[in-house]
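**Student:** Provided below are the primary sequence and the corresponding predicted coordinates.
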Amino acid sequence: MNQSLWLFAQAPSNAPVPLGFPPGTPFFIIGSCLVILFLASRNIERPHDGPKMPLGPLAPLFNNISVAGFIGSMSFGHIVGVLLTLLAAPKT
């Protein structure tokens, strides 16, 4: 048997698995995406150009934003969320 496979087979099943990111990361990213989407839908100069994003009952809340505006808002929201996560990460 290969040495690395043998070591893997011997690992206890209840060993803690490090997450690699702070536990609040999903909340930072989801929250920042929603806030950026809300702000962008009101601050984009022409948010209704192009096809509308099918947001269902939440469409009026986000000003019936277009697909391009939605993608741009989500992209910027992810960038802000990652920066918040890095700022909140414990310093070692």
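**Tutor:** The structure has been received and is ready for your questions.
**Student:** residue ranges of the helices in the chain, please?
**Tutor:** Across the chain, reading from the start of the chain, the helices by DSSP state H fall at 3-9, 25-43, 67-88.
**Student:** The longest one: how far from the chain's middle?
**Tutor:** For helix 67-88, the distance from its own C-alpha centre to the chain's C-alpha centre is 7 Å (C-alpha atoms, centre = their mean, to the nearest Å).
**Student:** OK, contacts around Ser41?
**Tutor:** Ser41 is in contact with 47, 62-63, 65, 69, 73, counting by C-beta atoms under 8 Å, 6 or more residues apart in numbering. Where C-beta positions appear, they are placed from N, C-alpha and C, glycine not excepted.
**Student:** swap in Met74?
**Tutor:** The neighbourhood of Met74, defined by C-beta under 8 Å, 6+ apart, consists of 33, 36-37.
**Student:** pull the helix or strand with minimum mean pLDDT from the protein.
**Tutor:** Sorting the helices and strands of the chain by mean pLDDT, DSSP states H and E puts helix 3-9 at the bottom, at a mean of 51.
**Student:** Geometrically speaking, which residue is the centre of this protein?
**Tutor:** Nearest to the mean C-alpha position of the chain, counting by C-alpha atoms, centre = their mean, stands Ile29 at 3.7 Å.
**Student:** my read: that residue touches Val82, true?
**Tutor:** Yes: distance between Ile29 and Val82: 7.0 Å, which falls inside the contact criterion (C-beta atoms under 8 Å).
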